[in-house]
Structure formats: structure tokens, C-alpha cells
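Asker: Fold the following, please.
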Amino acid sequence: MKAKTVAIIGAGPVGLAAGAHALERGLSVVILERGLEVGHSILQWKHVKMFSPWEFNVDHACARLLHRIGWKMPNPEVLPTGRELVEQYLAPLGTKTPLKDHIKLSSMVTAISRVGFDKLKTAGREQAPFEIRYVRSGEEHALFADAVIDASGTWFSPNPAGANGLPAIGEAAARGHVSYTMPDVHGEQRDRFANRRVAVLGG
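Answerer: The predicted structure is shown next:
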């Protein structure tokens, strides 16, 4: 019997952990990552420390793959930065373990649907395979899977500033002055924020 196929969107810690567990269960795995390397979103906040130590950020299935290549667990009580999480954990996981053969980098997912079904046809939809459309090197591709796990996170789709889920009045017009991320104000983005009055929204 042909192995079931699982498509995983995002090659961050959750996506790679899902891939490791799927491989252990004999499933066929495809991991689609929009960035040029694993942990792409995390590298956008590489200067920020995690809120939890290493012991809570290393998945057991991932650790089993890494131990086979001689990987040593960092001090479990230390809180890593985003950069350290990628360089010491995600990068070796995505480039030196069997997961590397299942990751498609620079692959931006644009749509997901069920094969043979539109918005009106519903009977039997849950049995139909998924069709995942993605763009890679400027070309549109499609792949088919029995299951899809969305581990893409929210970094590139942040919530608007409005309390009701809508953009605040004037937010769109001021977008060029708004940072929805955790900017490195002491490093790469210092010039943008230095000597300016900054309002911080949210607690």
C-alpha cells in the first residue's frame, strides 16, 4: 500500500517537528518553505530571546534525528535567541538529517483546495485529496497530499492594529511608518528608530 502523503507548510520548529514525526510513522512528507532557508521567519527576529529554555524548544523526534549525526543538546536551562535556535537546532535538522530530502525552499503556497471540488460541491469532500498550489522560482506548481499541516505561523500575516480585527482608521495610509514586527532597534534598524518618538501598541 502506498504511504499517505502529508504536506507541511513552513519549515520552522513546528513544521520540522511535524515532518520528523511523520517520517517516524512511515508517511511520505513534503515541507514547503517560503524562505531561502529553514527558520526563515525566526531569522526576522533573530536578536530576540525565546521566552522558554532549550528543554522546551527541542522536539523529541527531531532530537532523535539529530543525535544520529552527533548533535549535542545545548544547555537545557538556557534561553536561546532566535538566531541560536536556527543555527544550533533548525539548520542542522533541515540540512543534515533525512528531513533535508523532503524540504522545498523558496516555495510560497498560494492556494489549497480539494481535488475535484468547488465551493458548491460538498458530498465526499472529506475523502478527496488536497491540491496545494505554490510558486517556486517564478513558476506555479501543484502537489497532491492526503493531509495538510499549516505551520506557517503569523509572522508574515500580522493582525491589524484595530481592536475589532479590522485595521485602525488611518492604518493603511500610515503603513509605511508602522512596524508589525520586533525591530532590532539596537542593530540593523537603529537608524530608522533613533531620535524618533515611537508609539507601541499592545501589551
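Asker: contacts, neighbours, all on C-alpha from now
Answerer: Fine.
Asker: Just say helix, strand or coil for the residue lying closest to Lys96 once chain neighbours are set aside.
Answerer: For Lys96, ignoring the flanking residues on the chain, the nearest one in space by C-alpha to C-alpha, 6 or more residues apart in numbering is Ile69 at 7.4 Å. Secondary structure, DSSP: H, G, I helix; E, B strand; the rest coil: Ile69 is coil.
Asker: what's Ile69 sitting at in phi/psi?
Answerer: Torsion angles at Ile69 (phi, psi; degrees, to the nearest 10) stand at phi -110, psi 10.
Asker: Got the confidence number for it?
Answerer: For Ile69, the pLDDT comes out at 96.
Asker: give me the number of residues near it?
Answerer: Using other C-alpha atoms under 10 Å, Ile69 has 12 other residues around it.
Asker: hang on, it packs against Leu93?
Answerer: No - in this structure Ile69 lies outside contact range of Leu93 using C-alpha atoms under 8 Å: 9.6 Å.
Asker: sorry, back to before: distance of the residue nearest to Lys96 from His40?
Answerer: Per C-alpha to C-alpha, to the nearest Å, Ile69 is found 23 Å from His40.
Asker: Check Arg68 too.
Answerer: 25 Å.
Asker: Equivalent analysis for His67, please.
Answerer: Taken as C-alpha to C-alpha, the span from His67 to His40 is 23 Å.
Asker: Neighbour count for those two, which is higher?
Answerer: Between His67 and His40, His40 has the larger neighbour count (other C-alpha under 10 Å), namely 18 against 12.
Asker: Tell me the secondary structure at that one.
Answerer: Secondary structure of His40, reduced to three states by three-state DSSP: coil.
Asker: show me the contacts for it.
Answerer: Contact partners of His40, counting by C-alpha atoms under 8 Å, 6 or more residues apart in numbering, are Ala11, Gly12, Arg34.
Asker: Any of these buried? List them.
Answerer: For the contacts of His40, a burial check counting by 16 or more other C-alpha atoms under 10 Å picks out Ala11, Gly12, Arg34.
Asker: so what's the second one up against?
Answerer: Which is Gly12. Val38, Gly39, His40, Ser41, Ile42, Leu90, Ala151, Ser152.
Asker: The second one and Leu16 touch, don't they?
Answerer: Translated: Gly39. No - counting by C-alpha under 8 Å, Gly39 stays clear of Leu16, with 9.4 Å between them.
Asker: intersection of neighbour lists for the two?
Answerer: Leu90.
Asker: For Lys49, grab the count of nearby residues.
Answerer: Quick note: Lys49 (other C-alpha under 10 Å) scores 16 neighbours.
Asker: burial of the residue nearest to it when sequence neighbours are not counted, as a residue count?
Answerer: Counting by C-alpha to C-alpha, 6+ apart, Thr81 is the residue found nearest to Lys49 once chain neighbours are left out, at 3.9 Å. Here the number of neighbours of Thr81 (other C-alpha under 10 Å) works out to 19.
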